[in-house]
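In: quick one, structure for this:
(2 chains)
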Amino acid sequence: MRFRSAILVCALLALPALACAADPGRLQLPDFSVLSKKATQSVDISLDPSLLRLASGVINSDDNGNGAAVNGLIQGIKGIYVRSYTFDKPGEYSKADVKAVQVQLLAPGWQPIVSTHDLKQGSNVDIYVLRNGNRTDGIAIIAADPRQLTIVNIVGSVDLAKLAQLQGQFGVPSVGLTMNGTLPNGSANTQAH
Amino acid sequence: MTDEFDPALHRALRSQRPHQDFADRIVARLDSSAAPGAPAARLYFMRSRTFRSRWLPAALAACLIAGIGVVQVRQHARDAARANQARAQLLEALSIASDNVNIVRAAVAREEHPDS
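Out: Numbers count the residues shown, from 1 in each chain, chains lettered A, B, ... in the order given. Prediction:
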């Protein structure tokens, strides 16, 4: 009886690991509820495959003809998870909050492809990709500046060039993260990996 | 005249015991008078049975169909609301991701072409 209970407990503990194994590109995003309470604006989006299918079904030609582009873009995506917090003053989140995500990106397969560090504004944007041969299994974007922390985890494969072209379309304005999409000349330190 | 009238009135209005067969006659009359009313009662009964055998199932079926319809409409409305919410979230997520990719692209472009 005790042996069976032990097996059951082990099975329950193994479930999250099995879930991760099923979606290798998915990060275990920490509970940012404390940040959410402190933030003036927060975005918490979790779109699993079923919700993506649902969304894909209603993204059609009424999106100024760009529905096909979005549907094409999300074709290889199995999930999108976004956490973004904007604060009214700097220093509201700790390095540990970012570290909790970064440490997962040290796992085999994850590669940093590009990082930008704006020394003047103290902002960083890092993009990581999980490669499996020629296949992309996941993308992680960590954008951190003194008043804003954004983490994007895309599970599956996505064309970053096509993703970049979507900015400001579909009636969704550019959210103006960190530097409104522009970097002051000479203040940014970019590392392409 | 008055002397004859009063005794006659007394005789006419005096109490009389009913005949022995009075009760039997009353019952017989009731039975005979109930017979013509029987078809009306039977008609009501038939109507009642018709209602129970034909209209009641039809009404129940109509209620069932209407109920299923209402549930379907509500489910559809819920699904549509969920889909629209998912669509909005997807577009917002893509917008955030796109913004950050463009920040990096802009930085990379500046690194590659510092004069431009």
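In: A:Asp152 falls within a helix, correct?
Out: Just to correct that, residue A:152 is Val rather than Asp. No - assessed with DSSP: H, G, I helix; E, B strand; the rest coil, A:Val152 is strand; it does not lie in a helix.
In: quick check: residues of chain B near chain A?
Out: B:79-80, B:82-84, B:86-87, B:89-108, B:110-111, B:114 (CB under 8 Å from any CB of the partner chain). Bear in mind the C-beta positions are built from the backbone N, C-alpha and C, glycine included.
In: narrow the residues you listed to those in helices?
Out: When those are checked against helices (DSSP state H), the matches are B:79-80, B:82-84, B:86-87, B:89-108, B:110-111.
In: coming back round to it: any of the residues of chain B next to chain A buried? List them.
Out: The neighbour-count test (16 or more other CB atoms under 10 Å in any protein chain shown) marks B:83, B:86-87, B:89-108, B:110 as buried among those.
In: neighbouring strands of the helix or strand hosting A:Val114 in the sheet, and parallel or not?
Out: A:Val114 is located in strand A:110-118, with elements delineated by DSSP states H and E. Applying DSSP bridges to the sheet, strand A:110-118 is found paired with strand A:123-132 (antiparallel), strand A:188-192 (antiparallel).
In: any weak-confidence spans in chain A?
Out: Counting by pLDDT under 70, chain A contains low-confidence residues at A:1-22, A:60-65, A:168-193.
In: any idea which residue is closest to the centre of it?
Out: By CA atoms, centre = their mean, the mean C-alpha position of chain A lies nearest to A:Val152, the distance being 1.3 Å.
In: find the centremost residue of chain B, please.
Out: For chain B, B:Cys63 is the residue whose C-alpha lies nearest the centre (CA atoms, centre = their mean; 6.8 Å).
In: what separation is there between that residue and B:Arg11?
Out: Counting by CB to CB, to the nearest Å, the gap from B:Cys63 to B:Arg11 is 72 Å.
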